[in-house]
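Chemist: I'll drop the sequence and a predicted model, then ask my questions.
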Amino acid sequence: MTSPARAPQKRLFVKTWGCQMNVYDSARMADVLAPLGYAPVETPEDADMVILNTCHIREKASEKLFSELGRLRAQKEATGGRMVLAVAGCVAQAEGAEITARAPFVDIVLGPQSYHRLPEMVARASRAAGAVIETEFPTEEKFDHLPEVSAPQGPIAFLTIQEGCDKFCSFCVVPYTRGAEYSRPAAAVIAEAKRLVAQGAREIALLGQNVNAYHGEGPDGVTWSLGRLLRELAGIEGLGRLRYTTSHPRDMDDDLIAAHGEIPALMPFLHLPVQSGSDRVLKMMNRGHAAADFLRIVDRLRAARPDIALSSDFIAGHPGETEEDHQATLRLIEQVGFAQAFSFKYSSRPGTPASAAPLHVPEAEKDRRLQEIQALLRDQQVAFNRSRLGMRIAVLFTGPGRHPGQVAGRSPWLQPVHAEGGAELAGRILPCEVVATHPNSLAARILELPFGEARSGDPPNQEKAAA
Ligand code: SAH
Ligand code: SF4
Ligand code: F3S
């Protein structure tokens, strides 16, 4: 058998669009291809293989694929067709046939549940005349066959624990592109988390399209909820911080809310998409809860963890949304006060119920509503950042800052932070004072420099002490 280290080096370039899960998937595809001699490179020039890991969530996201493919076609021709070109991700899943028809020079089309089959597909592609396509949904199989995480992700690492979605919101393609909800067994998650920590991760973000719907098989034979899993992961020595994303309000159960008050390593920040503040629109969206339910969850989270800050997603101009509905969304934003949030203009996705619904909101109207939502969210973000001025906070440093002599990191609330210091501080969680605030970041002064190596096991306490 040839050892991976002795295999000839081939250049692999992966371009990623979309959500954090796609970022995680891209890293896992590189892991799968490493034994074949592929090593990741930063630019597509001279690459032996290019993977475009795509997103289908909004119209513009899939358009980007075809413009990128146009550029890559010339490059592939210049190599005499030798370069292997693969399209992965959610557009591959949803529009596999269209991709091979519009871009016949693509060698491989593979959906998110087929990544473990990449090596075999690469081999088949070298023999086949046309494209090799895999868009089945064998999720369990994928996680069983993916190799162990091999490339270190750095001080902040991502770990997929749940994938797919059974909720079928009116506007959303995810249930069609990622398939049915699936939770990885807790033992596999814990083992992967330990490996990530051994590779230098101090913070782990658990990922899932509906991460708080997690219901994985526990090592004790019973089903574990996300709260149970978080409590277990918090005990891993050397792991300082935990987060999870993305959650659905319907799955915020009592135990998970309580976990926010009980696990110091669980960061006081939660991304909880609500989409709209109007009960009428929430119903049309099939979200399964009313605006008041969301507000109640926020109150309970704040009671459990008073310093928790919230983030959310909003959609402006879902079909049937009236001015009154839009005003209800603005009111909900005012009532909650978000530290940060994402907002999008409704984008009609073929095959989703909303795309066939009547009363589509005119483009100009969607634009205006989105701008109003964004202006309000922006003010709230600036106010939240300002409120951190003078505070003592714990910062996880991740690497060099933008300017010489600067080190960059993240606050407990996920804000980018920069401070004076060297890149060797990467991986440290240090007490800092916030000395200036900006709309998108904080400037901090390190209060205590580390002496020697950090003791393993103390980050959660440092986090508490500095908060
Ligand atoms: N699972 C998460 C969201 C996944 S998609 C949840 O349940 O909220 C990320 C965000 O993209 C969504 O929260 C939504 O705000 C936005 N989005 C999804 N489909 C969209 C569409 N058709 N048009 C505009 N925004 C959309
Ligand atoms: Fe999409 Fe709704 Fe599922 Fe979130 S919960 S992924 S918005 S269908
Ligand atoms: Fe996009 Fe698929 Fe993620 S559609 S947002 S890449 S789940």
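Modeler: That came through fine. Residues are numbered from 1 along each chain as shown. Ligands and ions are numbered 1, 2, ... in the order given.

Chemist: CA only for contacts and neighbour counts going forward, please
Modeler: Noted.

Chemist: partner strands of the strand or helix carrying Val109, with direction?
Modeler: Val109 is located in strand 108-110, with elements delineated by DSSP states H and E. Applying DSSP bridges to the sheet, strand 108-110 is found paired with strand 84-88 (parallel), strand 132-134 (parallel).

Chemist: turn those into CSV, including distance to Gly235 and mean neighbour count.
Modeler: Converted to CSV, these look like this (distance: least, C-alpha to C-alpha, whole Å; neighbours: other C-alpha atoms under 10 Å):
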stretch, distance to Gly235, mean neighbour count
strand 84-88, 35, 26
strand 132-134, 39, 20
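
Chemist: least confident of these, on average?
Modeler: Of all the strands paired with strand 108-110, the minimum mean pLDDT falls on strand 132-134 (a mean of 84).

Chemist: ok, residues contacting the helix or strand just after that strand?
Modeler: Scanning forward in sequence from strand 132-134, with DSSP H and E defining helices and strands, the next element found is helix 139-145. Under the criterion C-alpha atoms under 8 Å, 6 or more residues apart in numbering, residues 113-116, 182, 184 lie in contact with helix 139-145.

Chemist: over helix 139-145, what's the mean pLDDT, rounded is fine.
Modeler: Over the span of helix 139-145, the pLDDT mean works out to 75.

Chemist: so which residues on the stretch 201-350 of the chain come close to ligand 1?
Modeler: 209-210, 246, 248, 273, 275, 313-315, 344-349 (C-alpha under 6 Å from any ligand atom).

Chemist: so which of those residues comes closest to ligand 3?
Modeler: Distance to ligand 3 across those (C-alpha to the nearest ligand atom) is lowest for Gln209, with 6.7 Å.

Chemist: ok, that closest one - how many residues close by?
Modeler: Using other C-alpha atoms under 10 Å, the number of residues around Gln209 comes to 25.

Chemist: doesn't it belong to a helix?
Modeler: No: the assignment for Gln209 by DSSP: H, G, I helix; E, B strand; the rest coil gives coil, which leaves it out of any helix.

Chemist: and the pLDDT for it?
Modeler: The predicted local distance difference test score for Gln209 is 95.

Chemist: touching, it and Ser247? I think so.
Modeler: Yes: proximity of Gln209 to Ser247 meets the contact threshold set by C-alpha atoms under 8 Å, at 7.4 Å.

Chemist: and Ala394, which of the strands paired with strand 108-110 is closest to it?
Modeler: Minimum separation from Ala394 across the strands paired with strand 108-110 (C-alpha to C-alpha) falls at strand 84-88, 37.9 Å.

Chemist: that closest one near ligand 3 anywhere?
Modeler: No: counting by C-alpha under 6 Å from any ligand atom, ligand 3 has no neighbours in strand 84-88; the shortest distance is 9.7 Å.

Chemist: got the CA coordinates for that strand in CSV?
Modeler: Output of strand 84-88 as CSV, limited to C-alpha atoms (Å, rounded to 0.1, in the frame of the first residue of the first chain):
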residue,chain,number,x,y,z
VAL,A,84,-10.6,17.7,-12.8
LEU,A,85,-13.5,20.0,-12.3
ALA,A,86,-16.1,19.1,-9.7
VAL,A,87,-19.3,20.9,-8.6
ALA,A,88,-20.4,20.0,-5.1
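
Chemist: from the chain's centre, how far out does the next helix or strand after it sit?
Modeler: The element immediately downstream of strand 84-88 (helix or strand, assigned by DSSP H and E) is helix 89-102. The offset between the C-alpha centroid of helix 89-102 and the centroid of the whole chain comes to 22 Å, using C-alpha atoms, centre = their mean, to the nearest Å.

Chemist: pLDDT weak spots in the stretch 51-200 of the chain?
Modeler: With pLDDT under 70 as the threshold, the stretch 51-200 of the chain has low-confidence stretches at 138-140.

Chemist: do that again at 90, thanks
Modeler: Confidence mapping of the stretch 51-200 of the chain against pLDDT under 90 gives the ranges 59-64, 75-82, 123-153.

Chemist: if we can go back for a sec, mind listing what's buried in the strand holding Val109?
Modeler: Neighbour-count burial for strand 108-110, with 16 or more other C-alpha atoms under 10 Å as criterion, is recorded at 108-110.

Chemist: what about ligand 2: which of those touch it?
Modeler: Filtering these for neighbours of ligand 2 using C-alpha under 6 Å from any ligand atom leaves an empty set.

Chemist: counting neighbours, what do you get for Ser150?
Modeler: Burial of Ser150 is recorded as 15 neighbouring residues (other C-alpha under 10 Å).

Chemist: also Pro362?
Modeler: Neighbourhood size, Pro362 [other C-alpha under 10 Å]: 10.

Chemist: roughly how far apart are it and Glu324?
Modeler: Pro362 sits at a distance of 16 Å from Glu324 (criterion: C-alpha to C-alpha, to the nearest Å).

Chemist: for Trp413, same thing?
Modeler: Taking C-alpha to C-alpha as the measure, Trp413 falls 32 Å from Glu324.

Chemist: and the strand holding Val109, does that touch ligand 3?
Modeler: No: judged by C-alpha under 6 Å from any ligand atom, strand 108-110 makes no contact with ligand 3; its nearest approach is 12.8 Å.

Chemist: what's the spacing between that strand and its chain's center?
Modeler: For strand 108-110, the gap between its own C-alpha mean and the chain's C-alpha mean amounts to 22 Å (C-alpha atoms, centre = their mean).

Chemist: helices - which of the contacts of helix 139-145 land there?
Modeler: Judged by DSSP state H, the subset of those located in helices is empty.

Chemist: can you pull out the strands in the stretch 351-467 of the chain?
Modeler: Defined through DSSP state E, counting those that start in this stretch, the strands belonging to the stretch 351-467 of the chain, from first to last, are 392-400, 406-410, 416-420, 429-437, 442-446.

Chemist: give me the contact list for the third one.
Modeler: This means strand 416-420. 395, 401, 405-411, 440-446.

Chemist: what's the ChimeraX line that selects buried ones from these?
Modeler: Here the buried members of the contacts of strand 416-420 are turned into a ChimeraX selection, burial being counted by 16+ other C-alpha under 10 Å:
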select :395,401,407,408,409,410,411,441,442,443,444,445,446
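
Chemist: which pair in the contacts of strand 416-420 spans the largest distance?
Modeler: Between all members of those, the farthest pair (by C-alpha to C-alpha) comes out as Gly405 and Asn440, at 20.4 Å.

Chemist: Leu256: what's it in contact with?
Modeler: Taking C-alpha under 8 Å, 6+ apart as the criterion, Leu256 is in contact with 226-227.

Chemist: roughly how far out does the helix or strand containing it sit from the chain middle?
Modeler: For Leu256, the element it lies in under DSSP H and E is helix 254-262. Using C-alpha atoms, centre = their mean, the distance from the centre of helix 254-262 to the centre of the chain it belongs to is 22 Å.

Chemist: for Arg11, helix, strand, or coil?
Modeler: Secondary structure state of Arg11, per three-state DSSP, is strand.

Chemist: ok, it - contacts?
Modeler: Applying C-alpha under 8 Å, 6+ apart, one finds that Arg11 lies in contact with 38-41, 46-49.
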